[in-house]
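K.L.:
Sequence and predicted structure, then a few things I'm wondering about:
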Amino acid sequence: MITREIVDAYEHVGDDDTEWWMIVTASPDGTRHVYALPACTFENLSVEYGLDPGDIDELLRIAILQLHIPHPMQRANAANDAAALAGLVRNNRPVTFGNADSTGQAREAHLARIAWVEAHEVRILWPSPAARPTSRALDVDPGQDAVVDPHERLAALKATYRPDKERMAATRDHLSMLLGRPV
């Protein structure tokens, strides 16, 4: 089991103007790992799995943890896939977003995998108010030594999230067309 504590969070805009959420974590041995999440991830998760678009805490948790899910369609992973073990199988394959009968079934399968990741692979420690600050922020001039409060930084980043209902409707329509079922 890997334990990672969130020690910083900030927004990065790429050369192509894509907005990224950078979630910086540290392992107990001090090793840092950065989760780079496109800002559109949260709306997409909401649409794909029928999750509450206003619950950024849950969307962020899922966005981070889903990066640790073993790919369920690879034969080596299919037999031990958390969703398959829970009976979520279609045509002898684990249920995924792409082959699910419904958004509800896709959500159930995805959340089973997220629960498995939390129980067996990765534990994310979320910052609390007045958590110990880290001495180096990654989004400032490397010559500066900036002290940041991880709770405040993550809260400020989450406050920027504003789900766009029109964009989500367009995504939903597009995915429904591609999958041949309502999303």
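P.N.:
Alright, I've got the coordinates.

K.L.:
hey, which strand is longest across this protein?
P.N.:
The longest strand of the chain (DSSP state E) is strand 2-13.

K.L.:
For burial, what's the neighbour tally of Asn99?
P.N.:
Other residues lying near Asn99 total 17 when counted by other Cβ atoms under 10 Å. C-beta coordinates here come from the backbone N, C-alpha and C atoms, glycine included.

K.L.:
go on, Thr18?
P.N.:
Neighbour tally, Thr18, other Cβ under 10 Å: 11.

K.L.:
one step back: what is the mean pLDDT for the longest strand of the chain?
P.N.:
Mean per-residue pLDDT for strand 2-13: 95.

K.L.:
list the contacts for the spatially most central residue of the chain?
P.N.:
The chain has Ala63 as the residue nearest its centroid, 0.5 Å off, counting by Cα atoms, centre = their mean. Residues in contact with Ala63 (Cβ atoms under 8 Å, 6 or more residues apart in numbering) are 35, 37, 41-42, 45.

K.L.:
For the longest strand of the chain, name the packing helices and strands.
P.N.:
Packing partners of strand 2-13 (3 or more Cβ pairs under 8 Å, 6 or more residues apart in numbering; DSSP states H and E): strand 19-26, strand 32-38, strand 122-125, helix 150-158.

K.L.:
rewinding a little: now the buried members of the contacts of Ala63.
P.N.:
35, 37, 41-42, 45 (16 or more other Cβ atoms under 10 Å).

K.L.:
could I get those residues as JSON lines with pLDDT and distance to Pro182?
P.N.:
Shown next, in JSON lines, are the buried ones among the contacts of Ala63 (pLDDT from 0 to 100; distance: Cβ to Cβ, whole Å):
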{"residue": "Tyr35", "pLDDT": "98", "distance to Pro182": "31"}
{"residue": "Leu37", "pLDDT": "98", "distance to Pro182": "27"}
{"residue": "Thr41", "pLDDT": "98", "distance to Pro182": "22"}
{"residue": "Phe42", "pLDDT": "98", "distance to Pro182": "21"}
{"residue": "Leu45", "pLDDT": "98", "distance to Pro182": "17"}
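
K.L.:
Reformat the helices and strands packed on strand 2-13 as JSON lines; add distance to Ala109.
P.N.:
Listed next are the helices and strands packed on strand 2-13 as JSON lines, based on distance: least, Cβ to Cβ, whole Å:
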{"stretch": "strand 19-26", "distance to Ala109": "24"}
{"stretch": "strand 32-38", "distance to Ala109": "21"}
{"stretch": "strand 122-125", "distance to Ala109": "19"}
{"stretch": "helix 150-158", "distance to Ala109": "26"}
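
K.L.:
Pick the most deeply packed of those.
P.N.:
Most buried of the helices and strands packed on strand 2-13, by mean neighbour count (mean count of other Cβ atoms under 10 Å): strand 19-26, with a mean of 20.
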